[in-house]
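# give me the fold of what follows.
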Amino acid sequence: FIEAQARWYDYSRARDAMFAATDTDASPWHVVPSDDQRRARLNCIAHLLRQVPYKEIERKPIKIPKPQSKGDYQEPNHPFRIIPLKFG
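Model prediction:
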């Protein structure tokens, strides 16, 4: 990591040369701004999906049934190991 920081502009020049030599309309490079990794991943996925041509299909309406009655169900008194909610 320390060496990479020391050579930041060497890497930047190499990256710029690679883009100049290989980025074409037929095979483009796409840059994903990634200051926020979660948003970067979502934006990348959305971009990739927009590249795939698709045709809208007619969908039949869905009838959602009423939820089942609780009846005599009781939640167990068990110490479930719930994972922390990192993303709300």
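# count the neighbours of residue 9 for me.
Applying other Cβ atoms under 10 Å, we find 8 residues neighbouring residue 9. C-beta here means a position set from N, CA and C on the backbone, and glycine is covered the same way.
# check the offset of the helix or strand hosting it from the chain's centre.
Following DSSP states H and E, one finds residue 9 within helix 8-22. Relative to the centre of its chain, helix 8-22 is centred 26 Å away, using Cα atoms, centre = their mean, to the nearest Å.
# do the same with stretch 17-35
19 Å.
# end to end, how far does it reach?
One end of stretch 17-35 sits 23 Å from the other (Cα to Cα, to the nearest Å).
# average pLDDT for that stretch, rounded please.
Across stretch 17-35, pLDDT averages out at 93.
# quick one: contacts of the helix or strand containing residue 42?
Assigned by DSSP H and E, residue 42 belongs to helix 37-51. By Cβ atoms under 8 Å, 6 or more residues apart in numbering, the surrounding residues in contact with helix 37-51 are 30, 32, 33, 34, 87.
# for the protein, give me the ranges with low pLDDT.
Within the chain, the segments meeting pLDDT under 70 span 88.
# noted, bye for now.
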